[in-house]
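Colleague: Have a look at this fold, sequence not included:
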């Protein structure tokens, strides 16, 4: 029976880190859902205040189902906030909503990493569908000739594009959180004590992106080692 030590040594620790990060963000969000703003400002109201302060009255805010499904859709120019965030006045909800408003401000100001991420997006989108199938086909049929080894390397190229997309995503997420916290503080949406809740939620959320990048990087290295060994 074949034992893939590359997965055990490389990918598994990153995967465990990813599971921890996911559990941490959910736990932190639930914890600070119970810390409410003394000004009774909801997540949607906080996002609206930040958008308006940056001249983005044209950006709409909508409520969507689910939990932590919040996102900014640049194609529709709308911020979509989940049910636990939209009408909630907790510091967790305000932090998440402000973060999405930060993304809208990034697009409006043509923030560099956003432009780089958008440039990579088309090939990363293709890569997310084709990378792993191409690598697997190349590994399985590599003994039949160099064509299939080349096919596996093409798959690695696509997987690398996905990894690069995740790498460029990191500064956009950290910057959106930084913008959010600055806007919350400057507008007085939360006081200093309440700010701690928003900071902790946004930090926990950022760790999920770090963990996802770690998994992608280790998986990329693993695939390269497997294909190189087959070659």
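Modeller: Nice, thanks for sending it over. Computed from a prediction, not measured in an experiment: that's the story for all the values here.
Colleague: What is the helix ranked longest in the chain packed up against?
Modeller: Scanning the chain for the helix with the most residues, using DSSP state H, yields helix 146-187. Here helix 146-187 is seen to pack against helix 43-53, helix 91-108, helix 112-141, helix 192-230 when contacts are counted using 3 or more CB pairs under 8 Å, 6 or more residues apart in numbering; DSSP states H and E. Backbone N, C-alpha and C define where each C-beta goes, glycine included.
Colleague: quick one: that helix to chain centroid distance?
Modeller: Averaged C-alpha coordinates place helix 146-187 at 8 Å from its chain's average position (CA atoms, centre = their mean, to the nearest Å).
Colleague: now that helix against helix 91-108, angle please.
Modeller: Between helix 146-187 and helix 91-108, the angle comes out at 110 degrees (axes from the mean of the first three to the mean of the last three CA atoms, to 10 degrees).
Colleague: Let me know the angle separating helix 146-187 from helix 112-141.
Modeller: Going by the same axes, to 10 degrees, helix 146-187 is angled at 150 degrees with respect to helix 112-141.
Colleague: what's the next secondary structure element after the worst-scoring helix or strand of the chain on mean pLDDT?
Modeller: Counting by mean pLDDT, DSSP states H and E, the weakest-scoring helix or strand in the chain turns out to be helix 5-6, with a mean of 74. Reading on from helix 5-6 to the C-terminus, the next helix or strand found by DSSP states H and E is helix 12-32.
Colleague: ok, residues contacting the least confident helix or strand of the chain?
Modeller: 222, 225-226 (CB atoms under 8 Å, 6 or more residues apart in numbering).
Colleague: need the contact list for the residue nearest to residue 28 when sequence neighbours are not counted.
Modeller: By the measure of CB to CB, 6 or more residues apart in numbering, the closest residue to residue 28 outside its immediate chain neighbours is residue 204, 4.1 Å from it. When contacts are counted by CB under 8 Å, 6+ apart, residue 204 touches 21, 24-25, 27-29.
Colleague: likewise residue 173?
Modeller: With CB under 8 Å, 6+ apart as the criterion, the residues that contact residue 173 are 205-206, 209.
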